[in-house]
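>>> let me see the structure of the following:
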Amino acid sequence: MFPQIGFLGLGKMGSGMAARLVEAGHNVIVWNRTRAKCDPLHELGATVATVPREIPARTEIIISMLYDDYSVEEVFNGPDGLLSVPVEGRLFIEMSTLRPEKAKAIARSCGEQGAEFIDVPVSGTVGPARSGKLMALVGGSESNLERARPILEDMTRRIVHAGPVGSGSLLKLVLNLPLAVYWQSLAEAIAMGHAGGLEIETMLNVINDSGGGLSALSHKISMIVENSENVAFDMKTMIKDSQNILAKGAEYDIPMPAMSVALDSYNAAHSAGLGDADAVAIVRFLLESVGSSLLED
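Residues are numbered from 1 along each chain as shown. This next block holds a predicted model:
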């Protein structure tokens, strides 16, 4: 009997999502480039594949949650990739955050071999991934969405059908643009108030309880104040997504000055060694760059 689901990519998000599926009772086979990351899933009851091409031979629905376009290209079209073996009738659920063009290209490659494809990036971070509270942004046909729905429902709180293939990826960029600009604007606001003698925690709590608050801020206040090393959405991923946002804006001839300035700041923070820090470390970076420090409070 074939496992019901294949799952490739066990990073911060993927590991939580795959664990959620195993605990929901699904029979799952997992793969990750770094084999050790499969061990916790194996302990939960998942089977482990040694190369991606093993998975389509053993399951009909395959989920991938990878880092970027390059990783997805390699996993699908590499020598040991998913499409290096017969895949007719399989459904690929690609949940990475990609450029819409890459999602469409992978969909075409799948279609040429008789397989189906939907792009389903998610809104949410590590905590929601583990608790099944993500939001799924689906690009693909209605029939393929319905085929995937029982699985998506075990990983998400809401499923949004955005349109044809590529639409889910575009909607994810739409969601990430204001988030990227928000953290940069928050950093500027906190730096201004701190320079005038206001306490950082006071400012964050007031912003969070006002029209200037973002739903994600409440989960980030302690991280900012305590200079926490916990990471839900790292700086280098924010840079990757911001670059994709600006590329799409350029394609549509849409000026994006706020996004451009935010990306410059994230790049500077990355160069200062904060690439693996949570994106909200942009607040600490700006404070320190103007001669302040969170530790002074």
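>>> who touches S109 in this structure?
F76, N77, L83 (C-beta atoms under 8 Å, 6 or more residues apart in numbering). C-beta coordinates here come from the backbone N, C-alpha and C atoms, glycine included.
>>> mind redoing it with 10 Å?
Contacts were defined as C-beta atoms under 10 Å, 6 or more residues apart in numbering; by that measure S109 touches E73, F76, N77, G81, L82, L83, V87, F92, A115, F117.
>>> from memory the third one sits against K102, does it?
No. In this structure N77 lies outside contact range of K102 using C-beta atoms under 10 Å: 11.2 Å.
>>> are any of the contacts of S109 buried, and which?
Buried subset of these (neighbour count, 16 or more other C-beta atoms under 10 Å): E73, F76, G81, L82, L83, V87, F92, A115, F117.
>>> which of those residues fall within strands?
F92, F117 (DSSP state E).
>>> which one among the buried ones among the contacts of S109 gets closest to G273?
When those are ranked by distance to G273 (C-beta to C-beta), E73 comes first, at 28.9 Å.
>>> wait, the closest one sits on A103?
No. The pair E73 / A103 is not scored as a contact, 11.4 Å apart, by C-beta under 10 Å.
>>> what do those two both touch?
With C-beta under 10 Å, 6+ apart as the test, E73 and A103 reach no residue in common.
>>> sorry, back to before: switch the buried ones among the contacts of S109 over to CSV; also include distance to I200.
As requested, these are exported to CSV (distance: C-beta to C-beta, whole Å):
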residue, distance to I200
E73, 42
F76, 45
G81, 47
L82, 47
L83, 50
V87, 52
F92, 45
A115, 51
F117, 46
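>>> list the contacts of E142.
For E142, the contacting residues are H161, by C-beta under 10 Å, 6+ apart.
>>> what segments of this structure are strands?
Here the chain has its strands, by DSSP E, at 5-8, 28-31, 47-48, 61-64, 91-94, 116-119, 122-123, 134-139, 156-163.
>>> okay, the angle between the longest one and strand 134-139?
In this structure, strand 156-163 runs at an angle of 20 degrees to strand 134-139, with axes from the mean of the first three to the mean of the last three C-alpha atoms, to 10 degrees as the basis.
>>> and strand 156-163, what other elements does it pack with?
For strand 156-163, the elements it packs on are strand 122-123, helix 126-131, strand 134-139, helix 142-153, helix 167-195, judged by 3 or more C-beta pairs under 10 Å, 6 or more residues apart in numbering; DSSP states H and E.
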